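Enquirer: this one's sequence-less:
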Ligand code: FAD
């Protein structure tokens, strides 16, 4: 019940101002977004990779309103890539980007987002790694898939995300699996209407398994983005049935969520990539994490009251 309310708040400027300014918020936010600058995040990258984990880095931010902010987003990723070059971790650390942060919703946004994200993908390729395009709300996806296809002409390793809760996703999965893409499958984190998306958890879980089967049996590289133990077990079973070796798919989880499971899967020989977000514009990302688990909201509210 609370999830949709929190997701609606995640798009409210008034709530953004209130929560971002609350004195105790930062310490609660740190669980999910463990730094604000590249300097904060480099020790975390070193620590997690030393533990056998791989990473996908997200500079938090979305729904920007000026072209200058889009350029700043591009530059933030380019600065990160410069630091990564020195760490020489290659594809063990890739990038995740939200096209709305690169200007997708502005006038001429499709071209603008493509123009801003291309240098990031190029710079990533130059240091032996890649970029995955996150999936945002359903109205942005045709543009995201078109940008993905365009980038793949020069950088075939560029990945994208599909969301099990959307009715369209089985068809997207078939197309992407046939073209040999790197595809992260997630349940979906936005508030979507019943015309386009399943609303019930059990329906979303069933759709997740159907799509997972398509990806595992296809020609691409599936990236299983979930913390759900049942789906992780099913993914292992489907990978085995499809004859995939351990390096022919990977698991992905979010920083700060089920961290023991990250290490357990890596210790079993799986590729385990941790989605690690950092930066100052954390509001939207943080609110989606609250919406996914009501206990997070209780913890957050308690921390405000106890201050
Ligand atoms: P759930 O059934 O929600 O969770 C299973 C269990 O995991 C829960 O019982 C709980 O123990 C734990 N858990 C899950 N979420 C939380 C949380 N926030 N706090 C504490 N515990 C939690 N969504 C998009 O729409 N677009 C994207 O591009 C996108 N990228 C993602 C990348 C990665 C690597 C991951 C893991 C998720 C991404 N998501 C994205 C979010 C995703 O859509 C889900 O909202 C999120 O993963 C929760 O679903 P779940 O599969 O973990 O299952």
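Expert: Received, thanks. Note that the structure is a prediction, hence the values are computed from the model and not measured. Numbers count the residues shown, from 1 in each chain.
Enquirer: helix/strand/coil for the nearest residue to residue 297 once chain neighbours are set aside?
Expert: Spatial nearest neighbour of residue 297, excluding adjacent residues (CB to CB, 6 or more residues apart in numbering): residue 290 at 4.9 Å. The C-beta positions use only the backbone N, C-alpha and C, and glycine is treated the same way. The local conformation at residue 290, judged by DSSP: H, G, I helix; E, B strand; the rest coil, is helix.
Enquirer: show me which residues of the stretch 101-250 of the chain sit near the ligand.
Expert: For the stretch 101-250 of the chain, the residues in contact with the ligand (CB under 6 Å from any ligand atom) are 134-135, 161, 163, 184, 186-190, 225-228.
Enquirer: for residue 215, what are its contacts?
Expert: 173, 176-177, 183, 185, 222 (CB atoms under 8 Å, 6 or more residues apart in numbering).
Enquirer: per-residue pLDDT, the spatially most central residue of the chain?
Expert: In the chain, the centroid-proximal residue (CA atoms, centre = their mean) is residue 134; its distance is 5.2 Å. Listed pLDDT for residue 134 reads 98.
Enquirer: likewise the one 10 residues further on?
Expert: As summarised for this prediction, residue 144 has a pLDDT of 98.
Enquirer: pretty sure it sits against residue 133.
Expert: Yes - using CB atoms under 8 Å, residue 144 is in contact with residue 133, at 5.5 Å.
Enquirer: shared neighbours of these two, anything?
Expert: Common contact partners of residue 144 and residue 133 (CB under 8 Å, 6+ apart): 99, 160.
Enquirer: and the two? Which one has more around it.
Expert: Per other CB atoms under 10 Å, whichever of residue 144 and residue 133 has more neighbours is residue 133, with 25 against 22.
Enquirer: contacts only, for the more buried one.
Expert: Contact analysis of residue 133 by CB under 8 Å, 6+ apart lists 96-97, 99, 117, 144, 147-148, 151, 158-161.
Enquirer: show me where the stretch 201-307 of the chain has strands.
Expert: Assignment of strands within the stretch 201-307 of the chain using DSSP state E, counting those that start in this stretch yields the ranges 221-225, 250-254, 272-278.
Enquirer: next one: the stretch 1-150 of the chain
Expert: For the stretch 1-150 of the chain, the strands defined by DSSP E, counting those that start in this stretch occupy 54-59, 93-97, 131-133.
Enquirer: what about the last one, distance to the chain center?
Expert: The chain centre lies 8 Å from the centre of strand 131-133; the measure is CA atoms, centre = their mean, to the nearest Å.
Enquirer: that one: partners in the sheet, and parallel or antiparallel?
Expert: strand 93-97 (parallel), strand 159-163 (parallel) (DSSP bridges).
Enquirer: please apply the same query to the longest one.
Expert: With DSSP bridges as the test, strand 54-59 is paired with strand 93-97 (parallel), strand 272-278 (parallel).
Enquirer: one step back: for the contacts of residue 133, which one is nearest the ligand?
Expert: For those, the closest approach to the ligand (CB to the nearest ligand atom) belongs to residue 161, at 3.8 Å.
Enquirer: check contacts around that closest one.
Expert: 132-135, 183-186, 225.
Enquirer: let's verify the closest residue to residue 219 other than its chain neighbours: helix, strand, or coil?
Expert: Leaving out its chain neighbours, the residue that sits closest to residue 219 by CB to CB, 6+ apart is residue 180, at 4.6 Å. Three-state assignment for residue 180 (three-state DSSP): coil.
Enquirer: same thing with the one 3 residues further on?
Expert: Assigned by three-state DSSP, the conformation of residue 183 is strand.
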